[in-house]
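S.K.: Build me a model:
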Amino acid sequence: MTTRVASLVAGMLAVVAIACGTQTETIEVVKEVVTQVEIPVETIKEVIKEVPVERIIEREVEKVVTRIVEKPVEVIREVPVERVVTEIVEVPVEVIVERIVEKIVPQVTNTEIVKTKIVVATPTAVGQVARVGGTIRIALTGPLGTLDALKTTSQPEIGARHSQETLFDFDENLSPQRTLVDSWTVSDDGLTFTFKLRDGITFNGPVEGRPLTSEIAMNAWRRWLDRDSFGAILDGFIESIETPDDAHFVVTLSEPTGLLLDGFARIGGYTPFIMPPEMNTVAPNDGPGQGDWDTFGGTGPYKLVEWRPGDRIVFAKWDGYKPLTTNTSFLAGKKHAYADIIEGIVVPEAASRIAALETGQLDWIGQVSSDDMARLEANPRVQVVIEGSNNTRIGAWPNHTKGPFSDARVRRALMMAMRNEDALLAYSGNPDLHRQCASLMLCGTRWGGLRTPGDEIYYDPPDIAGAKALIEEAGYAGATVILMTRSGAAPYAQVTREVLEDLGMKVDFQQVDRATYSAGRANPDAFDLFFTGGPVSWGGISPLLNSTLAKGKYWNKYKDPSGKFTEYLEEFARASSDRQDELIVDMQKLFFVDLQYIPYGEVMPVFAGSSRIHGVEIRIISSHSSYVNAWKE
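M.R.: Got it, this is the predicted structure:
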């Protein structure tokens, strides 16, 4: 391994998690799907007995109770029309059979991996056909300072998601599929990738009709490499990027890696949208800023037609767009662009956004507070969506450098005694808005759903007696621990305090302001535990993006005493997809030995929109929602 690659990979590695008290195996029989919706069926008519299984599940249980529930999922075919269609079309059926296995004695004796498909959030109803035309009005919580998706992740990618595209996009299984690329080849040694762009792709602005060339595409992608954390890891493997002609680009690696196509399709951080030359010449940390109007454009289905900063931004369907013909699958495949106009309107106050939704002035207002759920759910003109693929992992981050939690036995003791459900409920306030999760990657995302032998000892009980024995063995019985938290995490920090006191430890509980909290994490003398949450970017996409797991890279200052976790992450960066599946299992086992942090579970966001709108894409990218395939009744 080259020194350059070793330092980059060792310096930026990352990951996150899943688990439940009951285990759910999903066995799918899938026909062609364009848009799908799950509809529960009250009675059981027939159960599929023999189906192909896409995972390995080997386990021993002393006693099980099995319930089988059949859920047919209605699907509609795509209808290429440019007018309102009211006819009912015949639809194929996707059947999902769920076997819910409830163990009397919770015990994991063998590795379990359940690969799940992410679920459509706002599906087209059965018997309906997408309406073409009209305007979709969405709420923006604040004014847009830039349309450059590489300048900040704190603002919605409303421009990029609708006017720009990436070279590859992730499908339902989070597998990268070609978007602007037509085809590619790989050399026998796995080091040279030659890509061909699709023919006839042009830009919608700032120079409408300008052809996309390999040089423009690679300049945009190089800019992303310089900006994104995942890009920095990948850049350590890249020997050269060449553009021999307008249609082809060649990426040569210094050593094999399985990260290249993921790097073209990246979501969860900075997204590698292909931008016009006017944007590519600006340093990624600077961004075009107020020059966006003169520089902004892309190859996507909508073009920027109006922007009144602080008020609204408007995109219109672009006649020059050249869509794919492959079936739509999450972000991959054909973009339908049903609406004529997508209009973002700045409405800073939450109450005003809700009022505008209820009166029909807005079609989608995005994330809402759990306190507003009951009111919104009671309104038949409103749909409320609990999104399970873009969760926040909450927990406690221990000080690995000194104090009681520098001893792995004390970390395991807290995990063993922790009342995870109480901590989650204290934070979410609603049992429907959280779930327990013990796997390394977020529930419902790539590699999520993993349990390995031994983790149930620490995550599932709680076991106060066993935890006390570990603390006494480590020599920290009755020790004082400093808990540092901000106001947002204080509810579940209080539950942690109670657990530690039940274990006989003395607690110095410090609820501090944001500035003190930020400074305190950097000072190993200021805390023994601090409390925060992790987003899907590091918990659902790749373990390489989770600095919490990397040796000495996050505020917990993980020591990796065996050196194995660093080895796993470095190999993961170079591994094939199959080998990555195996490495995730190894990481999961070691995670519950070292416990870089104490995972309590996941809290799910809530979204609201008109009951008339369908196809809004919020899965994983919820803060940067896409309305490309959305339509309104």
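S.K.: Point out where the stretch 451-600 of the chain drops to low pLDDT.
M.R.: Counting by pLDDT under 70, the stretch 451-600 of the chain shows no low-confidence range.
S.K.: Ok, the chain next?
M.R.: Ranges of the chain meeting pLDDT under 70: 1-128, 286-291.
S.K.: what does the domain assignment say about it?
M.R.: Domain ranges of the chain: 142-346, 391-603, per automatic domain parsing.
S.K.: so where do the strands sit in the stretch 401-550 of the chain?
M.R.: 434-435, 480-485, 506-511, 529-534 (DSSP state E, counting those that start in this stretch).
S.K.: I584 is nearest to which of the ones you listed?
M.R.: When the strands of the stretch 401-550 of the chain are compared by CB to CB, strand 529-534 sits nearest I584, at 16.6 Å. C-betas here are computed from N, CA, C, even on glycine.
S.K.: ok so, going back, minimum distance to G320: which of the strands of the stretch 401-550 of the chain has it?
M.R.: Closest among the strands of the stretch 401-550 of the chain, using CB to CB: strand 529-534, at 41.0 Å.
S.K.: Now tell me what touches the closest one from outside.
M.R.: 16, 392-399, 405, 481-486, 489-490, 492-493, 496, 517, 520-521, 546, 548, 555, 598, 603 (CB atoms under 8 Å, 6 or more residues apart in numbering).
S.K.: starting at the chain centroid, how far to that strand?
M.R.: 19 Å (CA atoms, centre = their mean, to the nearest Å).
S.K.: thinking again about what came up before, which one of the strands of the stretch 401-550 of the chain lies closest to D246?
M.R.: Per CB to CB, nearest to D246 of these: strand 529-534, 42.1 Å.
S.K.: So in that sheet, which strands flank that closest one, and in what orientation?
M.R.: strand 392-398 (antiparallel), strand 480-485 (parallel) (DSSP bridges).
S.K.: Can I get the strands of the stretch 401-550 of the chain in CSV including distance to V282?
M.R.: Shown next, in CSV, are the strands of the stretch 401-550 of the chain (distance: least, CB to CB, whole Å):
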stretch, distance to V282
strand 434-435, 41
strand 480-485, 39
strand 506-511, 42
strand 529-534, 31
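S.K.: returning to what we had before: can you add mean neighbour count and distance to A283 and give the strands paired with strand 529-534 back as JSON lines?
M.R.: Output for the strands paired with strand 529-534, formatted as JSON lines (neighbours: other CB atoms under 10 Å; distance: least, CB to CB, whole Å):
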{"stretch": "strand 392-398", "mean neighbour count": "25", "distance to A283": "31"}
{"stretch": "strand 480-485", "mean neighbour count": "21", "distance to A283": "36"}
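S.K.: Format those strands as a markdown table; extra columns: distance to R137.
M.R.: Converted to a markdown table, the strands paired with strand 529-534 look like this (distance: least, CB to CB, whole Å):
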| stretch | distance to R137 |
| --- | --- |
| strand 392-398 | 28 |
| strand 480-485 | 39 |
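S.K.: Which one, of the ones you listed, ends up nearest to L425?
M.R.: Nearest of the strands paired with strand 529-534 (CB to CB): strand 392-398, 11.4 Å.
S.K.: how far does that closest one sit from the chain's center?
M.R.: For strand 392-398 - counting by CA atoms, centre = their mean - the centre lies 17 Å from the chain centre.
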